[in-house]
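In: below is the sequence, then the predicted model.
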Amino acid sequence: SVVRNALFCLETAANQEQNHVYTKALLAYAFALAGNREKRKALLDSLEKEAVRKDGSVHWQRPGKEPEADLPYYRHRAPSAEVEMTAYVLLAHLSSQPAPAQEELSFASLIAKWISSQQNPSGGFSSTQ
């Protein structure tokens, strides 16, 4: 009953119209783990509309964020919140039951490309997650 109540709470939150991108990413992953394909797909479809596509990769960023400067010899690293929310979207894509379709895996590879570009020289990330 605790899990059922928690999922009810999450469904109520997912039905709000003005959810933040980070919230949608977390909800999509939670519904993927819970096996709720319809909610997962609806959230992923909404997130896809907000995706940033750049240099053959896909990621998500906070609304109202200033675009990074395109400077020579400088590689911008995204803030930890953006790495985290993009990683949650990737997990939501890869945690579907049954296994993700080829189209979904292709999209997931674009997300993984961006995440791997955010690694620091030591192989870690700015994220604490």
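Out: Great, that's in hand. Residues are numbered from 1 along each chain as shown.
In: which regions of this protein sit below the pLDDT cut-off?
Out: 65-76, 127-129 (pLDDT under 70).
In: centre-most residue in the protein?
Out: Val89 (2.5 Å; CA atoms, centre = their mean).
In: now do the contacts for the nearest residue in space to that residue that is not next to it in sequence.
Out: Nearest residue to Val89, sequence neighbours excluded (CB to CB, 6 or more residues apart in numbering): Ala25, at 4.9 Å. C-betas here are computed from N, CA, C, even on glycine. Applying CB atoms under 8 Å, 6 or more residues apart in numbering to Ala25 gives the contacts Leu47, Trp60, Met85, Thr86, Tyr88, Val89, Ala92.
In: which parts of the helix or strand where the residue nearest to the centre of the chain lies are buried?
Out: Assigned by DSSP states H and E, Val89 belongs to helix 80-94. By 16 or more other CB atoms under 10 Å, the buried positions in helix 80-94 come out as 81-94.
In: same thing with stretch 106-116?
Out: In stretch 106-116, counting by 16+ other CB under 10 Å, buried: Phe107, Ala108, Ile111, Ala112, Trp114, Ile115.
In: which other residues reach it?
Out: By CB under 8 Å, 6+ apart, stretch 106-116 touches 48, 53, 56-59, 83, 86-87, 89-90, 93-94, 100.
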